[in-house]
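Colleague: Provide a 3D model corresponding to the input given below.
(2 chains)
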There are 2 protein chains.
Amino acid sequence: MSGGNLFVIAAPSGAGKTSLVQALMAADPRLRFSVSHTTRRPRPGEENGRDYHFIDEDAFRRMVSECAFLEHAEVFGRCYGTSRAAVEERLAAGEDVILEIDWQGARQIRALMPACISIFILPPSRGELERRLRGRATDSPDVIEQRLALAVAEMRHYGEFEYLVVNDRFDEALTDLQAIVRAARCRTDRQADFRSAWLNDLLA
Amino acid sequence: MSGGNLFVIAAPSGAGKTSLVQALMAADPRLRFSVSHTTRRPRPGEENGRDYHFIDEDAFRRMVSECAFLEHAEVFGRCYGTSRAAVEERLAAGEDVILEIDWQGARQIRALMPACISIFILPPSRGELERRLRGRATDSPDVIEQRLALAVAEMRHYGEFEYLVVNDRFDEALTDLQAIVRAARCRTDRQADFRSAWLNDLLA
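Modeller: As a prediction, the model looks like this:
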């Protein structure tokens, strides 16, 4: 990995990850999403190459067999994957890439890109998580119970991530994320990379 | 190390470390200096226990033999040391401790406290470093040459530190330091420590 940093961000649903990541990206033009590949159909308004790369199952299987994905998973019968080439191109161009992903995808990526910076976002409390997952009053107790069990199962993997951000107050959690991104850019191994000529001059 | 974080900050003279660390501490009441022990005499205005713990050489040697120092060094015939007990007490109380130290002291501390966060501050350029070290016009070229050689020797150890902050623009360098401190507080191993009861409740 040269040039940019790769940030891997996971969270249970109900933690508020999407809003936090949107605010993080809006304030920092050096951060880029990676566009995933999927075998599901485009929804109205979705654009190929912008929201997803929409491909068929044969093409997806071919990419899997060619190890073209940093991570991939099947969700409700549809396949999703993060193209290794796309991420590496952006990093090589000095851009920082953000991947929103679950703990299983994060584990695959850590194995392939050990220099990635992994962040887990947690809700402020169990009670608040339950309130958020209860959602619309029309959901059955079973559905809510299942959502909560999924969220807890995801959260049990927090220890595999390098950083933990608790989304209690939104602004504080956003400032935490921004600090983690800024600190990552200060890591000596990253700077020794893109500042090597400058360092040689300084130490001559 | 439980509770607080230990930050070890080194720099060559001329990098502007003192002003940066003062500004960092002024804006963050959770950061504390550790008061060093020394065998040199107090200077006018210095107070025992506030600026240094002033002790004699016998007491210093006894502390060395008891492994009471996280690091110690002799400079121009005077001994300086960082008391392990003092640092550990502050960390146990949940305070974050800053040590300003050279690369040799940093190396000793990393060996004893591997969870410490080490930061190296660099000047913006060789030319600017030389200007700063030239100092008063009355200094002889030999003295200036010696200062520069010392600064370069110190800087050659930048690679042993986890973070690199380039003091080009003061405000940017200060924001880098603040981000490194904030990110350190978000590290999963640190939070898993002081948030353990809360995490148990969340994952119940």
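
Colleague: distance of A:L70 from chain B?
Modeller: Going from A:L70 to chain B by C-beta to the nearest C-beta, to the nearest Å gives 22 Å. (C-beta placed from N, C-alpha, C; glycine too.)

Colleague: so what does the worst-scoring helix or strand of chain A on mean pLDDT touch, helix or strand wise?
Modeller: Least confident helix or strand, chain A: helix A:188-194 with a mean of 86, by mean pLDDT, DSSP states H and E. Packing partners of helix A:188-194 (3 or more C-beta pairs under 8 Å, 6 or more residues apart in numbering or on different chains; DSSP states H and E): strand B:163-166.

Colleague: give me the contacts around the strand it packs on.
Modeller: Residues from elsewhere that reach strand B:163-166, judged by C-beta atoms under 8 Å, 6 or more residues apart in numbering or on different chains: A:183, A:186-188, A:191-192, A:195, B:20, B:117-124, B:158, B:173, B:176-177, B:180.

Colleague: what's the following helix or strand after that strand?
Modeller: Later in the chain than strand B:163-166, the nearest helix or strand by DSSP states H and E is helix B:170-186.

Colleague: do a quick rundown of the helices in chain A.
Modeller: With helices called from DSSP state H, chain A shows them at A:17-26, A:57-65, A:84-92, A:103-112, A:126-134, A:141-155, A:170-186, A:188-194, A:196-202.

Colleague: what lies in contact with the first one?
Modeller: Counting contacts by C-beta under 8 Å, 6+ apart, the residues outside helix A:17-26 that touch it are A:9-11, A:31, A:33, A:98, A:100, A:121, A:165, A:167, A:170, A:173-174, A:177-178, A:181.

Colleague: list the buried ones in the least confident helix or strand of chain A?
Modeller: Counting neighbours by 16 or more other C-beta atoms under 10 Å in any protein chain shown, one finds that the buried residues in helix A:188-194 are A:188, A:190-191.

Colleague: as TSV, those residues with distance to A:A59 would be great.
Modeller: Below are the buried residues of helix A:188-194 laid out as TSV (distance: C-beta to C-beta, whole Å):
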residue	distance to A:A59
A:T188	41
A:R190	34
A:Q191	39
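
Colleague: PyMOL command to pick out the buried ones of the contacts of strand B:163-166?
Modeller: To isolate the buried members of the contacts of strand B:163-166 in PyMOL, using 16+ other C-beta under 10 Å:
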select buried, (chain A and resi 183+186+187+188+191+195) or (chain B and resi 20+117+118+119+120+121+122+123+124+158+173+176+177+180)
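
Colleague: winner for burial among the helices of chain A?
Modeller: Greatest average neighbour count among these goes to helix A:170-186 (a mean of 19), per mean count of other C-beta atoms under 10 Å in any protein chain shown.

Colleague: any part of that helix near chain B?
Modeller: Yes: counting by C-beta under 8 Å from any C-beta of the partner chain, chain B has neighbours in helix A:170-186: A:175-176, A:178-180, A:182-184, A:186.

Colleague: do stretch A:7-14 and chain B meet?
Modeller: No: Stretch A:7-14 is not in contact with chain B by C-beta under 8 Å from any C-beta; minimum separation 9.6 Å.

Colleague: tell me the mean pLDDT over that stretch?
Modeller: Stretch A:7-14 carries an average pLDDT of 94.

Colleague: that stretch: end-to-end distance?
Modeller: Stretch A:7-14 has an end-to-end distance of 20 Å (C-alpha to C-alpha, to the nearest Å).

Colleague: right, and A:H72 touches A:R78 too?
Modeller: No: applying C-beta atoms under 8 Å as the test, A:H72 and A:R78 come out as separate, 11.2 Å apart.

Colleague: what about the two, which has more around it?
Modeller: Taking neighbours as other C-beta atoms under 10 Å in any protein chain shown, A:H72 and A:R78 compare with A:H72 leading, 20 against 13.

Colleague: contacts only, for the residue nearest to A:S13 when sequence neighbours are not counted.
Modeller: The shortest distance from A:S13 to any non-neighbouring residue, by C-beta to C-beta, 6 or more residues apart in numbering or on different chains, is to A:A151 (5.9 Å). By C-beta under 8 Å, 6+ apart, A:A151 lies in contact with A:12-15, A:129, A:133.
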